[in-house]
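Participant: next come a sequence and a model predicted from it.
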Amino acid sequence: MNPSDTSPPEATGEAVTRVAVVTGADSGIGRATAVRLAAHGMDIGITWHRDLAGAEGTAAEVRELGRRAELEQMDLTRLPDAAEAVDRLADRLGRIDVLVNNAGTGTMTPFLDLDHATVQQVIDVDLVGPFLCTQRAARRMIRQGSGGAVVNVTSVHEHQPRVGAAPYCAAKGGLGLLTQVMALELAEHGIRANAVAPGEIATPMTGQEDTDVRTERRPGVPLGRPGDAREVAAVIAFLASDDASYVTGASWVVDGGMLRMGPQAGSHLENDSWRRP
């Protein structure tokens, strides 16, 4: 490429390596997603909050696959400045084609006992943070002129409530509808936006890091077990790929059938009696 040529690589016929930024990629679904996208040939931007060692572990797995990995700390309680991490990663990696808003938090506190600070923290991390990160990523994708994909990791509680999780449900429900607005407004730029809504997944957030899900019994989940983070990552990778080029504004539930059991039953039933009429 001629150094004086400022055209985007696509316009010059030069091969382009796609870049994905995955927030909260130091463990769990974020780590599995970063590795899966790297296996699909993408360079990866990794954000982390407290677990630098975990983020470095993710980066090592990405690099073992022959892809670049760059790290940035991101604390989504410090908005709007925290979203600048997206720009810094895109600068270092040269572009951004995929944004996965995976970083999240929650609380299990009765509605009447919630304080404003807790509500604000959950809403900022789970809803406002993805809003601002996507603005930054989408503006870059538009300038690049080759479209892109946004995948927002919500939850089954995007669709159904849970006792004790009022701000989490509000944020995830909001992120689901925000995803639909993104899909409508960004489509003209070739940017697709979808949500992935996991059920119970064996991750540090559910206290099940490195659990073999095949050994765990969940009678109230039709598939009978929790999910593995890699199973969620596979759906995210599909939505980030050209195979999903006609998919936007959708929410893909990855829950082993939990939602079909109702908002409270799936994770809490203690036997299989529901399976018999």
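Facilitator: Right, received. Where do you want to start?

Participant: what segments of the chain are helices?
Facilitator: 9-12, 28-39, 52-64, 84-93, 116-123, 129-144, 166-186, 229-240 (DSSP state H).

Participant: where does pLDDT dip in the stretch 151-277 of the chain?
Facilitator: By pLDDT under 70, the weakly predicted segments of the stretch 151-277 of the chain are 204-211, 263-267, 277.

Participant: try 80 this time
Facilitator: 203-211, 213, 262-270, 274-277 (pLDDT under 80).

Participant: hang on, the earlier thing: now, of the helices of the chain, which is deepest in the fold?
Facilitator: Per-stretch averages of neighbours, counted by mean count of other C-beta atoms under 10 Å, single out helix 28-39 among these, with a mean of 26. To be clear about C-beta, it is placed using only N, CA and C from the backbone, and glycine gets the same treatment.

Participant: now do stretch 219-231: distance to the chain's middle.
Facilitator: Relative to the mean C-alpha coordinate of its chain, stretch 219-231 is positioned 19 Å out (C-alpha atoms, centre = their mean, to the nearest Å).

Participant: same deal with stretch 96-106?
Facilitator: Computed by C-alpha atoms, centre = their mean, the chain-centroid distance of stretch 96-106 equals 4 Å.

Participant: with stretch 61-68 instead?
Facilitator: Worked out by C-alpha atoms, centre = their mean, stretch 61-68 lies 20 Å from the chain centre.

Participant: average model confidence for that stretch?
Facilitator: Averaging pLDDT along stretch 61-68 gives 98.

Participant: pull the contacting residues for Pro131.
Facilitator: Check again: residue 131 is Phe, not Pro. Neighbouring residues of Phe131 by C-beta atoms under 8 Å, 6 or more residues apart in numbering: Leu178.

Participant: got a pLDDT number for Val122?
Facilitator: Per-residue pLDDT puts Val122 at 98.

Participant: how about TSV for the helices of the chain, with distance to Asn102 added?
Facilitator: Below are the helices of the chain laid out as TSV (distance: least, C-beta to C-beta, whole Å):
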stretch	distance to Asn102
helix 9-12	27
helix 28-39	4
helix 52-64	12
helix 84-93	13
helix 116-123	15
helix 129-144	9
helix 166-186	11
helix 229-240	8
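
Participant: quick one: closest of those helices to Pro198.
Facilitator: helix 229-240 (5.0 Å; C-beta to C-beta).

Participant: could you name the helices and strands sitting against that closest one?
Facilitator: Using 3 or more C-beta pairs under 8 Å, 6 or more residues apart in numbering; DSSP states H and E, the elements in contact with helix 229-240 are helix 28-39, strand 98-101, strand 148-153, strand 191-198, strand 201-202, strand 251-254.

Participant: one more time with 6 Å, if that's ok
Facilitator: Under the contact definition 3 or more C-beta pairs under 6 Å, 6 or more residues apart in numbering; DSSP states H and E, helix 229-240 sits against helix 28-39, strand 148-153, strand 191-198, strand 251-254.

Participant: which one of these lies nearest to Cys169?
Facilitator: When the helices and strands packed on helix 229-240 are compared by C-beta to C-beta, strand 191-198 sits nearest Cys169, at 11.9 Å.

Participant: any idea of the angle the closest one forms with helix 129-144?
Facilitator: With axes from the mean of the first three to the mean of the last three C-alpha atoms, to 10 degrees as the basis, strand 191-198 and helix 129-144 are set at 150 degrees to each other.

Participant: tell me the angle strand 191-198 makes with helix 229-240.
Facilitator: Put simply, strand 191-198 runs at 160 degrees to helix 229-240, going by the same axes, to 10 degrees.
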